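**Q** mind folding the following:
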Amino acid sequence: MNKVAGRLQVFFEEPFWVGIFERIDNDKLSVCKVTFGAEPKDYEVQAFILENYHKLRFNPSVDSIVEEKERINPKRLQREVKKQIKNAGIGSKSQQALKLQQEQGKLERKAYSREQHEAKKEFQYKLKQQKRREKHKGR
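**A** Okay, the predicted model is just below:
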């Protein structure tokens, strides 16, 4: 049985956006790399495929074992994507550093506020004890 499959992965590879075309034909894998430059929009990628796919130079075919992926429910896939995005956090290193600095400041403020609260409670307790002693002495 003749099986043909293709896949395109677009990702950011410093400093350009790159596309990897994979073509599987009769259990033979061939690959082609394309540099896009700026981040391509979906319609730009589609236009590129329609205009230039026949011009792409794929590397020589290599035997490959094609793994049949089981079909995943779209809702489950969406939940997994949300979970990955939630864990990933914000994008750039500088933003992550700023977020870390903000969280450390927050912890320091909480600790300082807690100390102030404890000191205030201690002061009020001592004041109450002092008043109680004065009252007890009969002054």
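
**Q** got a pLDDT number for residue 98?
**A** The model reports residue 98 with a pLDDT of 75.

**Q** tell me if I am right that it is in a helix.
**A** Yes. Looking at residue 98 with DSSP: H, G, I helix; E, B strand; the rest coil, it is inside a helix.

**Q** what is the burial count for it?
**A** When neighbours are defined as other Cβ atoms under 10 Å, residue 98 has 12 of them. For the C-beta atoms, the positions are set from N, CA and C on the backbone; glycine is no exception.

**Q** go on, the one 5 residues further on?
**A** Here the count is done by other Cβ under 10 Å, and residue 103 has 10 residues near it.

**Q** now it: which helix or strand?
**A** According to DSSP states H and E, residue 103 maps onto helix 93-137.

**Q** same question for residue 79.
**A** helix 74-88.

**Q** do you know how far residue 69 is from residue 95?
**A** 34 Å (Cβ to Cβ, to the nearest Å).

**Q** quick check, residue 35 in a helix?
**A** No. Using three-state DSSP, the secondary structure at residue 35 is strand, not a helix.
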